[in-house]
Every structure is written in structure tokens, then in C-alpha cells.
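Enquirer: sequence and predicted model, in that order:
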Amino acid sequence: GYPESLTDPSYHAQLLVLTYPLVGNYGVPDETERDEHGLPRWFESERIWASALIVGEVSTRACHWRAKRSLGAWLSAHGIPGLCDVDTRALTYRLREGVTLGRIVQGVPPFGPLPPLADPNSRNLVAEVSTKETKIFNPNGEITVVAIDCGLKFNQIRCLIKRNAKVILVPWNHKLDSSQYDGLFISNGPGDPEVCKNVVDNLKSVLENRSNLKPIFGICLGHQLLSTAAGCKTYKTKYGNRGHNLPCTHSGTGRCFMTSQNHGFAVDTDTLPEDWEVLFTNENDKTNEGIIHRSDPFFSVQFHPEHTAGPTDLECLFDIFVEAVKSYKNKVPYIIRDMITEKLKYVPTIQERPKKVLILGSGGLSIGQAGEFDYSGSQGVKAMQEEKIQTVLINPNIATVQTSKGLADKVYFLPITPEYVEQVIKAERPTGILLTFGGQTALNCGVELQKSKIFEKYNVNVLGTPIQSIVDTEDRKIFAEKINAIGEKVAPSAAVTSVDEALAAAIQIGYPVMARSAFSLGGLGSGFANNEEELKALAHQALSHSDQLIIDKSLKGWKEVEYEVVRDAYDNCITVCNMENVDPLGIHTGESIVVAPSQTLSNREYYMLRNTAIKVIRHFGIVGECNIQYALNPYSEEFFIIEVNARLSRSSALASKATGYPLAYVAAKLALGIPLPVIKNSVTGVTTACFEPSLDYCVVKIPRWDLAKFNRVSTKIGSSMKSVGEVMSIGRSFEEAFQKALRMVDENVNGFDPNIKKVNDNELQEPTDKRMFVLAAALRQGYTVEKLYELTQIDRWFLEKFKNIIDYYKTLDAYDSGSVTFDILKRAKKIGFSDKQIAAAIKSTELAVRKLREEYKITPFVKQIDTVAAEWPATTNYLYLTYNGSTHDLDFPGEYVMVLGSGVYRIGSSVEFDWCAVGCLRELRNQGKSTIMVNYNPETVSTDYDMSDRLYFEEISFEVVMDIYNIERPSGAILS
């Protein structure tokens, strides 16, 4: 959203700091392109209004299909300075204590005497940004709306024109005559509302004109000006609300919506006149977000319902305003307050609260279904315990934390099959059952029990997502029909039950196709077929796993993007995390390198997919959490929905750890009918769980394969899962997180090493478990980004990042242990080089590099995962190390006991060692000891937010453990 934000007039005379560290990834679109109304198609005004841009890291090359130039080139062309390599998290800590005056000075200190800083808010900024002449848009519109330009964003005009309004844009101090319009709109803008006395006086005269009432709608500064005209007072907030994920609750219905905001002043509701009332309230800081007249057609909101950038959740307010204008024009009574309530209200179906709940686990570990369900099940049990509900768990897996003493009230070590589950239901008589915490095993069992009417027989309610919704998402034919019914698209596909039907469907769809079993796990029995022979072999195999086979059109080479979506029984919807696969479509998401948040989507693409995700989850009636996967065309906005998982999945565990948002815990609470806004964010302890986390770091997930343990097994990876585990790394640059992750997967690897594999074009085209190292070798050998894109279809942005690492190997080659400088060493650490990796490049040893690094005072900084990008105080214990920083986020009192986890799951070391780690942490807590956990496996219970006092999501290597030890100075360590 940076092109939209930088051209938002509300940022006039401000130094804009972006909390997410990697900016400029998709470049800047064509400035000359206009829409049918003559407005710039991709921007919010005719120029950049921010005085400067301050970021962690800027992309120097624009790789997006719509980009015309890079962010830096665009800023430079407009004479706007940009600063990068700044610890924006540390800066945010400073700013949240109170927004401050600042300046950018070029050169080397001392600068000599500088003129005093002038406060821009003392100027009339509105007069500086407002149009100087009247302009008309859509002259043949059905109604006439006068828009007062206090710093208007063009999307406000677009939203009005879209609803067939004629818009007359007037300067900020234009004298208003209500006979000249049908409705009045007051835009956003910069600065202090107190400075805009002219506008307030003009509005007062309109409000007092009882003989000719016309609807009025204000946004942001427009809200403050209308409130002031109505008799309210405004005040300057300490920090303000700026961003695209601020939760606001509607007073009439209690529903909560995500909003885009940019303001530093707020309306004091204690001064609200009697005939006005609060319309919306900010869920985080409880400031006012909107007011409405009880009977007259006047209302305003503090947030930006026209979005760009940001969520479109409340664009419907434009519908209500335009409907009100039409009604008043036609002399039809219309109470806006009632209409908004009617539009936003939702009647929930709430089941009776259960006294005893049965939870189905996932059984024995298998490829595609491992420790992540131990994590989700454990959180489900904890959530039930908090609500004083008795829990009964069925899970035959003895190596799990959820089956340990002290969690569920009763545990049955029995197979998760309909026969055994019925026996437990008969004996225990639970009144509710949770099916979405035990993977595909629990889901399939639940579906069978529903079909055979066991739940009906014993009066057991399925909590959360209804069974029918699960069936609708699992049965590909029904799924496609339901998706088409809401105007969305799945890839052309057919559900078949025989080999002959499969061959006929493939001819109709056109080769190449993908074949996969329905109701199966981890892409079991799936693959790509380029011809009839290949499809025959695949169909025979797949139909042995399931009685339904799906034939999909192959979208190999498209981007794969997924969203984790949460919905409660009251229809409050949020997207908690979005992730992008580094590998293009064609590789199962469990086999792919995944990055969170997505790196190469524009604001328009991100919200296009988010809107669809919310539309889909509502249509299927899912209550709790679900995962939606997309195929996105890399050269257009065309996309298809691949699938929806109406349950917690491995992606859910990854998303939980990547964002710090406990998805399984929240999903369990929602299954009981608790509204999302009522649940507290367990990380901050003060804000609501009804919000979309802000990430100010980059997360990379890489799978681990143990294929070398098997003879004659193909090392090719594709649509069927072979990986046995995965790692998650965190950094403030992509290169830092990526190289960390490679070391986590295999402790014998130093990072993105070009010396592990030889160049092989076939291996680049047909991926194997070692493709990344072939890619490294190819870059070292001089393959261009374009050539590699042709071979791999990996987005050029990622390829550029990989190239940065390999190029730095060449830089290091020119140095030896005696000549390496501070700057060279610091840069190497910032892009994820380990001491051992640097030592190999400069012909030295790991200990010698460590000693040199410590002499140079190049040590990592500890940062928190707090879900709110440092904008709100948080008590989180989720931590990571980074060299892309300048300060620690917290203090180090010492006296902790450090416990080392078991790392990535592999054959021979799996969930049983997580059980050991958790047991160790619990006993230390019983002994009154404070604990530090070091682990990097997102599927584990040991990395849950409430298991230890401090959790480092970090490598378990000599270098990193010693770094943590030197920072924390623990009193002891346990190798669990």
C-alpha cells in the first residue's frame, strides 16, 4: 500500500515510517495511466504528499508485472528523500510514546546551527492540499454530491461515482448552498481540525438549516470537522492510529470490522450533544471512530471506508449514504442510523454451551499429519479448561503432549474410527464434539459418524464449523458448485470415480492436468499428467486411496498464495496471516518454501484475495479457523481458488507461530459461541483478538525431507507430500531468514551454499529436495535472474534476493581473516551469513570469526513477536535474534534456565522429544524456575506462547546458543 499511502494528502508535511521492514517489493505502477473519469488509476492524488519515507530495507528492482519503475526511482523523480537501513521497530517504540517533530539532515555531524523545527500543525495544511478550483466528475449522475476537499483521496470520488453520483469537488473553504446539491461529503485531510474554522462555520450553517435537510457524510478529518460543527471537542492523541488493520466495533450490532486509518486527532465523546450518538469505537484504545445523529441524516467515521490502501470491509457505508441521498431527494423518510444497523446486523445460531466436550486427536504421526495436531489439540484442551468445560480426548499416540497428565480430564488411547468413538460417546455422554483439531483423520471420522446418525442418536452437537460445511469443502464437485454460486472461480476440474471417466474429463479440460484423491491427506496419490498414459497410471494409484478422483487443469508456474481466515458465530471475520510459496504452483504447499507475509503482491492483489477469502468463509458457514489456497496468475489479476481446509492444518500451526496469534486456542473459544471481540489478544493482554496481526519481520518456512534413508525413492518433489517436518525462521530481511532456515533444516549446511550441488538444468525445471542448492550453484556460475526464472518460474523478487547472497560470497572471497573490515562483516551478518559460513569464505575458523565479530561489537539484537509491530505495549515472550537492528526490545535480568528443544522433525527424532521438552519446562516451572526455550519447529507444543517464560525461535547451533547465553546469562541449561 505504499503508492497509495505516499499520495494520500493526509500525510502532507510528515516523515512517514513503515513498520514492515521490506518495502518497494512490487515497484510503482504507471503514473500516466488514467481511469475513465480522468483520475490516476493507481494513486490517491496527483503527487506524493509525504515529506520523506523511512524504511528498514528498500527493493532496488521492481519485479511486478504492473511496475513501471522502482520505489526509489519514483521518489527520486519527485524530489522526495528516502531513508533505509533504519531499525524502524526501535523508531516505532520511540514514536508510540508521542509522535515527534523531526528532520532529515544530509552530511556528517556536526552540522552546525540548524534552524528550529516548526510544527506543521500550526499551518493550515488543509488549504495547502485542497483543490483551488471546482471540478465536476460523472456529470450525468443520478444524484449530486458536493465533496469538500480537505485533502481528499481519489478513491472517495471513485466510490461515489461507482454508485452513479455526480460529484462536484469544491475547495475547503467553499461557501455551501444546500440548494446546489442532494448530499454533502467531507473528505479526509492533514493537520489540526481547530485550524479549519471556515469549514466548521460553513457546516454549522448547513446543520442549522432545518428547512432543507440534506444527508452529510464525513471521513477522517471530515469526521472531526462535522463533530466540531455539531458541538463536540477534539483532542490530539499521543500516537494516533495509522495502518490498515485497526478493529472498530459498531455500536448498534457489536460487530467488529477491520479498517484503514491515518489520524493524530480524535473526537471527545464526553462532549457529544444529546441528539448525537457514538457510531463506531476503536477496539484497541477505545477512541471514537464515528458519530451519527439520532434522527437527521448526518453521520461521519474516523476510519477510511474507501480504503486504498487497506480493507474494504465497510465500503458499504457509501451505499447507505447514496441511498439516503436518493431517499431525501425523493422526499422518502430514511433514518441512516437504522439503515446502518440493518445492513451490519447478523443473527447468529448459538448452540447450548456444552458441559463436557469430546476432542478427536489425529492418531499416529504420518507424512502430512504430524506434531502440529498435538499443538492444536493441546490448545483446544486449554481453551476448554479456561471455560470450565470437562474434556475427553481420544488419541492413541502416546508420544504427544495432549495425552499427558494434567491436560485433558480423560484420555482414551483408542483408534480414531467410528466404532471406537461411538463406544466412548456411549460411555462418556459428551454434549459437544470438536472435529477440527485432529487433522484429516478426525474430520473423516466425524463425517462418517454424522452419516450414520451417531451424533443424533446420543444428542452430541458438533461445535464450531458445521459438518455440512466440512463435506462441502471436501467434496470437490459440491465445492466447485458452491464457489461458482458466489461468483468466484475454481480451476476447471471434474470429479470422477473411474479411470475411463478420468480420461474423458482430461480430454475435455485439456492436458496437462493434475489428478488427486478427494478426502485425502498431503496430496496422497496426486500428480501431474501430460498425456493419457501418465494419467492412467496416476488414476489407478489415486483411486486405491479414495473412491473419488479430481482432475484439475494444470496451473503449473502460477503463484501459490494462502490465507488463514477466522470467523465467529456473529459473522466477525479476520484474516490472521497470508503466506506466499516461493516455489510456484505444482509443488504441494507442505513441500514448498513458504514466506510470511507475502512479498510480491500489490495492495490491490492482497485485498482482492482477502475479500474473496472472507466471502468464501461466510458462504460455507465456517465457525473457527480455515485455510484457503489460491493460484494467482503472475502476469495478471486472474486467480483460482485451489482448496479450502475447513479445519486446523499444518499451515495453521505455521501461521500461529509466524504471527504470534494462537489460532487453535481462538478457534476452540469460537466453537463455544464466544464472540471474537470479547476474546483478549493473549500476546498483548490488552487488545482484542479480533484484529489482523502486524508483522515487522519476515518468516521463512522450509520443509525437511529424509529421502536419503530409502533406496530407489525419487528425490523429485511435487503435488504429493514427502517431507517429514519443517522449520520456521525469523529475520528482518528475507536473506537473513532464508539462510537461517536452511541451517535449521540441516545442521551440516552453512546456508545458501553454492558448493553443495552441481548445476543441473533438469533439476531446476523438475524440482528435487536439493533444488535450492542447485539454484545457488547456478547463480555462482553466472546464470542470470531471467534465465533462472524461465527454468524455475520462481518470482524474480526471490531470485534477486538469492542473487544478493551469492554475490556476497564473491565479495567475501576477496578478503582473508586479516583484512576483513567492520562493514564487510556487519553486512554479511545482516544477510544471514553464519560465522562458520564467513569462516569458510575467508579461509578462517568459526571461533576466529566469532572473536573478531565480538571485538567489532557486531552482536545480534533481541526482538519480540508482539502481533502489533511495536505500536502497542505487549508482554510477549516470543523472541528472535536479528542483526538488522540497533536496540534490544527488552531487559535481561538473568537467572533463567535455558532448555534446548529438539528442532526439526526427522525420521528417528519426532514429537516424542517435544514431549520431553514440555515435561522439562513444566517441572522447572513447578520448581519456581524461570525458563527459556530455544526451538525452531512451528509444529510443536514447546513453542506455544504459554509454555516458557521466554521463547527464542532460533537456530540450535553453537553460534546462536552462545549468543543467547551471552545476552541472557542464564543460571543453567538443559539439553532436552
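Expert: Here it is on my side, so go on.

Enquirer: from here on, just use CA atoms for contacts and neighbour counts.
Expert: Will do.

Enquirer: tell me where the stretch 151-300 of the chain has strands.
Expert: 165-170, 183-186, 216-219, 233-250, 256-268, 276-282, 288-293, 298-301 (DSSP state E, counting those that start in this stretch).

Enquirer: adjacent strands (with direction) for the second one?
Expert: Sheet pairing here is set by DSSP bridges, and for strand 183-186 it gives strand 143-148 (parallel), strand 216-219 (parallel).

Enquirer: any idea of the mean pLDDT in the shortest one?
Expert: Across strand 216-219, pLDDT averages out at 98.

Enquirer: contact partners of it?
Expert: 183-188, 223, 226, 297-304, 321 (C-alpha atoms under 8 Å, 6 or more residues apart in numbering).

Enquirer: mind checking how far it is from the chain centre?
Expert: 31 Å (C-alpha atoms, centre = their mean, to the nearest Å).

Enquirer: equivalent analysis for the longest one, please.
Expert: A distance of 37 Å separates the centroid of the chain from that of strand 143-148, by C-alpha atoms, centre = their mean.

Enquirer: any quick PyMOL command for the buried ones out of the contacts of strand 216-219?
Expert: Entered in PyMOL, the line below selects the buried ones among the contacts of strand 216-219, by 16 or more other C-alpha atoms under 10 Å:
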select buried, resi 183+184+185+186+187+188+223+226+297+298+299+300+301+302+303+304+321
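
Enquirer: so residue 630 touches residue 644, yeah?
Expert: No: here residue 630 does not reach residue 644: they are 9.3 Å apart, not a contact under C-alpha atoms under 8 Å.

Enquirer: got a list of what residue 847 touches?
Expert: Per C-alpha under 8 Å, 6+ apart, neighbours of residue 847: residue 835.

Enquirer: what helix or strand is it located in?
Expert: Assigned by DSSP states H and E, residue 847 belongs to helix 846-855.

Enquirer: partner strands of the helix or strand that that helix is followed by, with direction?
Expert: Scanning forward in sequence from helix 846-855 by DSSP H and E, the next helix or strand is strand 861-864. Looking at strand 861-864 with DSSP bridges, its partner strands are strand 878-882 (antiparallel).

Enquirer: got the contact list for the partner strand?
Expert: Residues outside strand 878-882 that contact it (C-alpha under 8 Å, 6+ apart) are 660, 730-732, 736, 830, 860-866, 945, 950-954.

Enquirer: how far out from the middle of the chain is the next helix or strand after it?
Expert: Sequence-wise, the next helix or strand downstream of strand 878-882 (DSSP H and E) is strand 896-900. Offset of strand 896-900 from its chain centre (C-alpha atoms, centre = their mean): 31 Å.

Enquirer: the helix or strand following strand 896-900 packs against which elements?
Expert: Sequence order places helix 911-926 as the next helix or strand after strand 896-900, per DSSP H and E. Under the contact criterion of 3 or more C-alpha pairs under 8 Å, 6 or more residues apart in numbering; DSSP states H and E, helix 911-926 touches strand 896-900, strand 930-935.

Enquirer: just the CA trace of the first one, in PDB.
Expert: The reference is to strand 896-900. This file holds the C-alpha atoms of strand 896-900, laid out as PDB (Å, rounded to 0.1, in the frame of the first residue of the first chain):
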ATOM      1  CA  TYR A 896      16.700 -18.200  33.800                       C
ATOM      2  CA  VAL A 897      17.200 -21.900  33.000                       C
ATOM      3  CA  MET A 898      17.700 -22.400  29.200                       C
ATOM      4  CA  VAL A 899      16.100 -25.500  27.700                       C
ATOM      5  CA  LEU A 900      17.200 -26.600  24.200                       C
END
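
Enquirer: tell me the angle of that strand relative to strand 930-935?
Expert: When axes from the mean of the first three to the mean of the last three C-alpha atoms, to 10 degrees is applied, the directions of strand 896-900 and strand 930-935 differ by 20 degrees.

Enquirer: tilt between strand 896-900 and helix 911-926?
Expert: 170 degrees.

Enquirer: what's strand 896-900 packed up against?
Expert: helix 911-926, strand 930-935, strand 972-975.

Enquirer: circling back to that earlier point, want to try TSV for the helices and strands packed on helix 911-926, with mean pLDDT, mean neighbour count and distance to residue 871 as columns?
Expert: As requested, these are exported to TSV (pLDDT from 0 to 100; neighbours: other C-alpha atoms under 10 Å; distance: least, C-alpha to C-alpha, whole Å):
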stretch	mean pLDDT	mean neighbour count	distance to residue 871
strand 896-900	95	22	28
strand 930-935	96	24	25
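
Enquirer: quick check: chain neighbours aside, which residue is closest to the most centrally placed residue in the chain?
Expert: Nearest to the geometric centre of the chain sits residue 577, at 2.8 Å (C-alpha atoms, centre = their mean). Distances taken as C-alpha to C-alpha, 6 or more residues apart in numbering place residue 564 nearest to residue 577, at 5.3 Å, with adjacent residues excluded.

Enquirer: which SSE is the one you found in?
Expert: Here residue 564 is assigned to strand 559-567, by DSSP H and E.

Enquirer: which secondary structure element contains residue 94?
Expert: Secondary structure from DSSP H and E places residue 94 in helix 88-95.

Enquirer: run the chain-centre distance for stretch 302-312.
Expert: For stretch 302-312, the distance to the chain centre is 17 Å (C-alpha atoms, centre = their mean).

Enquirer: tell me the pLDDT at residue 522?
Expert: 51.

Enquirer: residue 471 now?
Expert: On the pLDDT scale, residue 471 gets 88.

Enquirer: residue contacts, it?
Expert: Per C-alpha under 8 Å, 6+ apart, neighbours of residue 471: residue 447.
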